[in-house]
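1. Predicted structure and sequence below. I'll ask about it afterward.
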Amino acid sequence: MGPMTTAEIMTLEDAHTSGVYSKRPVAIVRGQGVRVWDADGREYIDCVGGQGSANVGHANPAVVQAIAEQAARLISCTEIFYNDQRARLEARLAEIAPAGLDRVFLCNSGAESIEAALKFARLSTGRTGIIATVRGFHGRTMGALSATWEKKYREPFAPLVPGFTHVPYNDLKKVAAAIGEDTAAVLVEPVQGEGGVRPASPDYLLGLADLCRERGALLLLDEVQTGFGRTGKLFACEHSGVQPDILCLSKSIAGGLPLGATLLGPRVAPLSPLTHGTTFGGNPLAAAAALAAIDFIVAHDLAGNAARLGEYALAQLRAFDLPSIREVRGQGLLIGAELRHRVTPVLQALMARGVLALPAGPTVLRLLPPLVITQGELDTVLDHVKAALAEVAETELAAEATA
């Protein structure tokens, strides 16, 4: 079977896809580092980055080699047996995680990591209440969806799991008032991604940890997107020094392969066999890829690169001083520009210029490049962002003024 054109791929996929995804008219077939290519050979700088799963870059040679070697040896091995790669990965995660998070449940995705955390919190505390935040996004499975704020995701599937409440983000007084005797856990993102790229203040996170300890609840941190160097630290909670009771990880943990992890601290009660489980979680192939990805992130100080280039990018975006930009927010290479108009036309203009980017709500432009991006590549992205904003702003602002 020979190569397919973009049109052929779109026709075939549209004939059989479920329909749950809104797709852009581009078919990506190859990637290397921070760049990807479509089926017709056009090159893009990728600031979607697998929605945060490509921190080590596309087709990272170390990860590719680890996958190939492990695939030739053993792909599947469930946790009814021990396995060398799984054992090494669990030990490595405990080594690099904040102190005390030395027990690991391995799964396949961020939503699964959240589901496990919710179950473990209820089991450990004997309580049922879960407090999440306004604008928080934690996934689309039923438990994770119950913690997610956005109504468009939640309402079609009501009734959801009972016991969930939402309080304003970054507001310690509101969450203090909400924690009661039945609260099992407070679930929060150190930086809200889908919710508009909003970093939490260090005092807020430290205050949450204190409140949870005082009142017998657990603090659950969702670092599915912020983990593994994205924010300028290996984990975003390191910026504040907060110690979560449960840390939820996924996305870039395995260099692009599906894998998630739920890390448990000392306040989480021991778990009994058959409490939870998964067939593919911690399989040798994903574990080998994760070991290679983590080693690459640490050896090449990708967190340091994210810190340096993130600070640079935020300063450059703020210096644009364009009327269409309302606010620039972010941490490391998790960057958001809130606009005074819809973001979709800007995403389309960027794609036409060879840059792929994300929204974070209807008016926020989000950039999530692989952490291997160079300053030269980032400058190219920023030049295109400035040009795309200028191109779109006039028509969008005029349309909103007459709406």
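-> Happy to help now that I have it.

2. Which elements pack onto the regular element (helix or strand) spanning residue 130?
-> Assessed by DSSP states H and E, residue 130 sits inside strand 129-133. The contact analysis (3 or more CB pairs under 8 Å, 6 or more residues apart in numbering; DSSP states H and E) places strand 129-133 against helix 110-125, helix 142-147, strand 164-167, strand 183-188. Every residue, glycine included, has its C-beta placed from N, CA and C.

3. can you confirm residue 261 is in a strand?
-> Yes - per DSSP: H, G, I helix; E, B strand; the rest coil, residue 261 lies within a strand segment.

4. Now it: closest residue in space that isn't a chain neighbour?
-> residue 249 (4.5 Å; CB to CB, 6 or more residues apart in numbering).

5. which ones are touching the one you found?
-> The contact partners of residue 249, taken as CB atoms under 8 Å, 6 or more residues apart in numbering, are 93, 110, 113, 223, 224, 227, 228, 260, 261, 262, 263.

6. Go again with 6 Å.
-> 223, 227, 261 (CB atoms under 6 Å, 6 or more residues apart in numbering).

7. wait, which of these is closest to residue 309?
-> Relative to residue 309, the closest of the contacts of residue 249 is residue 227; by CB to CB it sits at 17.9 Å.

8. Quick check: closest non-adjacent residue to the closest one.
-> residue 249 (4.7 Å).

9. Can you give me the distance of that neighbour to residue 171?
-> When distance is defined by CB to CB, to the nearest Å, residue 249 is 26 Å away from residue 171.

10. so what's the residue lying closest to residue 341 once chain neighbours are set aside scoring on pLDDT?
-> Nearest non-adjacent residue to residue 341, counting by CB to CB, 6+ apart: residue 396, 3.6 Å away. Looking at residue 396, its pLDDT reads 70.

11. from here on, count from 783
-> Sure thing, new numbering starts at 783, so read that last one as residue 1178.

12. Tell me how many other residues crowd residue 1178.
-> 20 (other CB atoms under 10 Å).

13. wait, is it part of a helix?
-> Yes - assignment of residue 1178 by three-state DSSP places it within a helix.

14. Counting neighbours, what do you get for residue 1108?
-> Residues within reach of residue 1108, counting by other CB under 10 Å, total 12.

15. residues making contact with stretch 1144-1155?
-> In contact with stretch 1144-1155 (CB under 6 Å, 6+ apart) are residues 815-816, 829, 831, 834, 836-837, 839, 978-979, 1011, 1084, 1087-1088, 1115, 1117-1121, 1125, 1128, 1139-1140, 1142.

16. re the thing from before, pipe the helices and strands packed on strand 911-915 into JSON lines and attach distance to residue 803 and mean pLDDT per row.
-> Below are the helices and strands packed on strand 911-915 laid out as JSON lines (distance: least, CB to CB, whole Å; pLDDT from 0 to 100):
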{"stretch": "helix 892-907", "distance to residue 803": "16", "mean pLDDT": "98"}
{"stretch": "helix 924-929", "distance to residue 803": "17", "mean pLDDT": "98"}
{"stretch": "strand 946-949", "distance to residue 803": "26", "mean pLDDT": "98"}
{"stretch": "strand 965-970", "distance to residue 803": "26", "mean pLDDT": "98"}
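
17. Ok, which of these comes nearest residue 1099?
-> It is, among these and with distance given as CB to CB, strand 965-970, at 25.7 Å.

18. what is the orientation angle of the closest one with helix 892-907?
-> 150 degrees (axes from the mean of the first three to the mean of the last three CA atoms, to 10 degrees).

19. Quick one: the helices in the stretch 983-1132 of the chain, in order.
-> Under the criterion DSSP state H, counting those that start in this stretch, helices of the stretch 983-1132 of the chain are mapped to 984-997, 1066-1081, 1084-1102, 1126-1134.

20. What are the buried residues along stretch 937-948?
-> 943, 945, 946, 948 (16 or more other CB atoms under 10 Å).

21. what's the span of that stretch from first residue to last?
-> 15 Å (CA to CA, to the nearest Å).

22. contacting residues around it?
-> For stretch 937-948, using CB under 6 Å, 6+ apart, the contacting residues are 910, 911, 912, 913, 914, 916, 924, 925, 928, 929, 931.

23. For the third one, give its distance to residue 933.
-> Separation of residue 912 from residue 933 (CB to CB) stands at 18 Å.

24. more crowded one of the two?
-> Per other CB under 10 Å, whichever of residue 912 and residue 933 has more neighbours is residue 912, with 27 against 9.

25. On the pLDDT front, check that one for me.
-> 98.

26. Quick check: beta-bridge partners of it?
-> Listed beta-bridge partners, residue 912: residue 946, residue 967 (assigned using DSSP bridges).

27. check contacts around it.
-> Residue 912 neighbours (CB under 6 Å, 6+ apart): 945, 946, 967.
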